[in-house]
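[1] Build the 3D model from these lines:
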Amino acid sequence: MQTVKMVVTGPFSAGKTEFIQSVSEIDVVSTERRISNAAERSVKEATTVAMDFGRITVNDDLVLYLFGTPGQKRFDFMWEILSEGMLGFIVMVDSTRPETFREARSILETFRAYAPTPYVVAANKQDMEDSWDLEDMRHALRLDSKVKLLPCIATDREKVKGILVELLNNVLSELK
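    The predicted model follows:
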């Protein structure tokens, strides 16, 4: 059996934990803690401080391990640790919060420096009325036209599976 390690990263509150929870066949191992900062609490109640971990069996020969990174800068020391051995990564971006786009771009560049592995960018919350159009996001994130920018709803199992399949296909073509 082959295992593939994928990392799900992105800014604070982009939807990384929900993304993993929506497809994991095991209870997600999560290191969430209550938020003490009032500004952050207005966005959500808890934040990942070390990692999230989920697992998906693709078929008899292939299992995906999903590792979610913390989104806050103060926990970024975990990023390099979690990137070790990854065969691909997903950068989650909240498409309703353009103020996080610069940080998402910085995280993308950081992970590309850790390992030259395939990656995709997931534009989360595409079901929301105030979500940005994908082409506008591509421009704001300064993404090359070759980079896959995929619409996402992190709580929608089928959308999440589609993004994982896209990344997995890129990973498997690199391994050949």
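
[2] How about the contacts made by residue 14?
    Listed by Cβ atoms under 8 Å, 6 or more residues apart in numbering, the contact partners of residue 14 are 71, 92-94, 100, 104, 124. C-beta: built from backbone N, CA, C; applies to glycine.

[3] Which ones among these map onto helices?
    Per DSSP state H, helices hold the following members of the contacts of residue 14: residue 104.

[4] Would you mind giving the secondary structure of residue 82?
    helix (DSSP: H, G, I helix; E, B strand; the rest coil).

[5] now residue 26, nearest residue through space, not along the chain?
    residue 55 (5.0 Å; Cβ to Cβ, 6 or more residues apart in numbering).

[6] same check, this time on residue 101
    In space, residue 101 is closest to residue 140, 4.9 Å off (Cβ to Cβ, 6+ apart).

[7] now do residue 127
    residue 153 (4.9 Å).

[8] part of a helix, is that neighbour?
    No - assignment of residue 153 by three-state DSSP gives coil, placing it outside any helix.

[9] Report the separation between it and residue 95.
    Distance, residue 153 to residue 95, by Cβ to Cβ, to the nearest Å: 10 Å.

[10] Please identify which of these two sits among more neighbours.
    residue 95 (28 against 21; other Cβ atoms under 10 Å).

[11] Okay, and residue 166 sits in which element?
    Element membership for residue 166, per DSSP states H and E: helix 157-175.

[12] averaged over its residues, what pLDDT does that helix have?
    Averaging pLDDT along helix 157-175 yields 92.

[13] and residue 4, what is it in contact with?
    Contacts of residue 4 (Cβ under 8 Å, 6+ apart): 62-65, 87-88, 168, 171.

[14] So for the helix or strand encompassing residue 136, what gets flagged as buried?
    Taking DSSP H and E as the definition, one finds residue 136 inside helix 134-141. Neighbour-count burial for helix 134-141 flags 134, 137-138, 140-141 (criterion: 16 or more other Cβ atoms under 10 Å).

[15] so what pLDDT did residue 75 get?
    72.

[16] Quickly note the distance from it to residue 30.
    13 Å.

[17] what's the answer for residue 123, then?
    From residue 123 to residue 30 the distance is 23 Å (Cβ to Cβ).

[18] Between those two, tell me which one has more neighbours.
    Shown here are residue 123 and residue 30; by other Cβ under 10 Å, residue 123 has more neighbours (26 against 18).

[19] residue contacts, the closest residue to that one other than its chain neighbours?
    For residue 123, ignoring the flanking residues on the chain, the nearest one in space by Cβ to Cβ, 6+ apart is residue 95 at 4.4 Å. The contact partners of residue 95, by Cβ under 8 Å, 6+ apart, come to 123-126, 128, 131-132, 137.
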